[in-house]
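Participant: coordinates only, sequence not included:
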């Protein structure tokens with residue numbers, strides 16, 4: 001297979017300068033704010049995104065050097081295959097986050113539900129569409145046991 005070259009469309013700025021205290025998913029810390037600073041040549045791509053409540057950010061885990069095919073997730077001390085967890089130690093170091101759009105001003109997308117480091121290279125933005133992205137009868141494998149009784153797991157912050 002050929003190598004794939006991906007160029008950032010912008011940079012994500014957040015209050016998190018290191019992994020300490022980053023939630024494992026942004027929905028666990030809804031009030032944290034971030035901003036995507038889009039490169040000028042891509043800023044017109046934000047047109048009409050303000051009509052959506054949420055977006056899917058696709059980004060590069062730029063601080064991760066290691067690759068693990070099996071790793072311990074943040075919720076439990078048991079190894080799982082990297083494709084069954086959301087670990088940043090992936091072969092291509094690609095991350096995704098669903099964020100809540102607050103506003104769009106010029107080339108900047110302001111959002112909450114932050115779970116990425118400051119300075120993260122942004123690869124793409126997609127609108128979250130409830131008609132496409134929601135599913136019924138979803139099973140979440142080994143993760144389901146951590147949400148029994150409707151509770152939020154204890155290990156929801158990176159440390």
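Facilitator: That came through fine. Values in this document were obtained by computation on a predicted structure and should not be read as measured data. Residues are numbered from 1 along each chain as shown.

Participant: how about the helices in the protein?
Facilitator: 130-133 (DSSP state H).

Participant: any low-confidence regions in it?
Facilitator: 22-30, 140-144, 146, 151-159 (pLDDT under 70).

Participant: this protein: strands as residue ranges?
Facilitator: 10-13, 33-38, 54-60, 70-71, 80-81, 94-105, 108-112, 120-127 (DSSP state E).

Participant: can you list the ones you listed in TSV and add distance to residue 44 and mean neighbour count?
Facilitator: Every C-beta, even on glycine, is put in place using the N, C-alpha and C of the backbone. Output for the strands of the chain, formatted as TSV (distance: least, CB to CB, whole Å; neighbours: other CB atoms under 10 Å):
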stretch	distance to residue 44	mean neighbour count
strand 10-13	13	21
strand 33-38	9	20
strand 54-60	16	19
strand 70-71	39	14
strand 80-81	40	14
strand 94-105	12	17
strand 108-112	13	20
strand 120-127	13	18
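
Participant: next, format those strands as JSON lines and append distance to residue 46.
Facilitator: Converted to JSON lines, the strands of the chain look like this (distance: least, CB to CB, whole Å):
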{"stretch": "strand 10-13", "distance to residue 46": "10"}
{"stretch": "strand 33-38", "distance to residue 46": "6"}
{"stretch": "strand 54-60", "distance to residue 46": "10"}
{"stretch": "strand 70-71", "distance to residue 46": "35"}
{"stretch": "strand 80-81", "distance to residue 46": "36"}
{"stretch": "strand 94-105", "distance to residue 46": "5"}
{"stretch": "strand 108-112", "distance to residue 46": "6"}
{"stretch": "strand 120-127", "distance to residue 46": "8"}
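
Participant: closest to residue 19 out of these?
Facilitator: Of all the strands of the chain, it is strand 120-127 that lies closest to residue 19, at 11.8 Å by CB to CB.

Participant: now do the same contact list for residue 126.
Facilitator: 55, 56, 58 (CB atoms under 8 Å, 6 or more residues apart in numbering).

Participant: run the last query once more with 10 Å
Facilitator: Residue 126 makes contacts with 49, 52, 55, 56, 57, 58, 96, 98, 132, 133, as judged by CB atoms under 10 Å, 6 or more residues apart in numbering.

Participant: wait, what's in contact with the second one?
Facilitator: Think residue 52. Neighbours of residue 52 in contact, by CB under 10 Å, 6+ apart: 100, 101, 104, 126, 127, 128, 129, 130.
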